[in-house]
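Undergrad: what's the 3D shape of this:
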Amino acid sequence: MSNLVTVRNTLATALSGAGRVVYAYPREAITPPAIVLVPGSPYIDPQTVGALGGRYDVKFDLTVIVGATDNQAALANLESMIFTVMANLPSHTAVEAWTQPSIEEISGNQMLTSRCTVTLATSGN
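TA: Numbering: from 1, shown residues only. Predicted structure coming up:
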């Protein structure tokens, strides 16, 4: 099967075009504004299998994170990040709906977050 580290890093590199810190793996300490990738569910979804290699869909949950010190500014920053992320996703990436913004405690601070799931197709060759 395709190297999932390569798939993850390709996605992280594309998202770095959004001008924000991109964490290709979840971390304990996150500095906003940031984009975090975590495996989605189902993570690896075989579409075809066989001796010549197969096709797999790989899902990642993208979380965009901004500081939540000023509600109006935080929401505007989050919305801007969402559209910038969408513009920087690799072509042929399937995107599910973004979640309602919510306040979460991350790295000991209040952050405004939103998530979506993206699906990328990869081959076993």
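
Undergrad: please make it C-alpha for all contacts and neighbour counts, starting now.
TA: Noted.

Undergrad: can you list the residues that contact stretch 8-23?
TA: 24, 31-37, 81, 84-85, 88-90 (CA atoms under 8 Å, 6 or more residues apart in numbering).

Undergrad: rounded mean pLDDT for that stretch, please.
TA: When pLDDT is averaged along stretch 8-23, the result is 92.

Undergrad: how far does that stretch stretch from one end to the other?
TA: 10 Å (CA to CA, to the nearest Å).

Undergrad: got it, and stretch 20-39?
TA: With CA to CA, one end of stretch 20-39 sits 20 Å from the other.

Undergrad: again with stretch 22-33
TA: 9 Å.

Undergrad: give me the distance from that stretch to the chain's centre.
TA: In terms of CA atoms, centre = their mean, to the nearest Å, the centre of stretch 22-33 is set 11 Å apart from its chain centre.

Undergrad: before we move on, the earlier item: top of the contacts of stretch 8-23 by neighbour count?
TA: Ile35 (28 neighbours; other CA atoms under 10 Å).

Undergrad: just say helix, strand or coil for that one.
TA: Three-state assignment for Ile35 (DSSP: H, G, I helix; E, B strand; the rest coil): strand.

Undergrad: let me see the contact set for it.
TA: 15, 20-23, 62-65.

Undergrad: most neighbours among those residues, please name it.
TA: Highest count within these by other CA under 10 Å belongs to Ile65, 30 neighbours.
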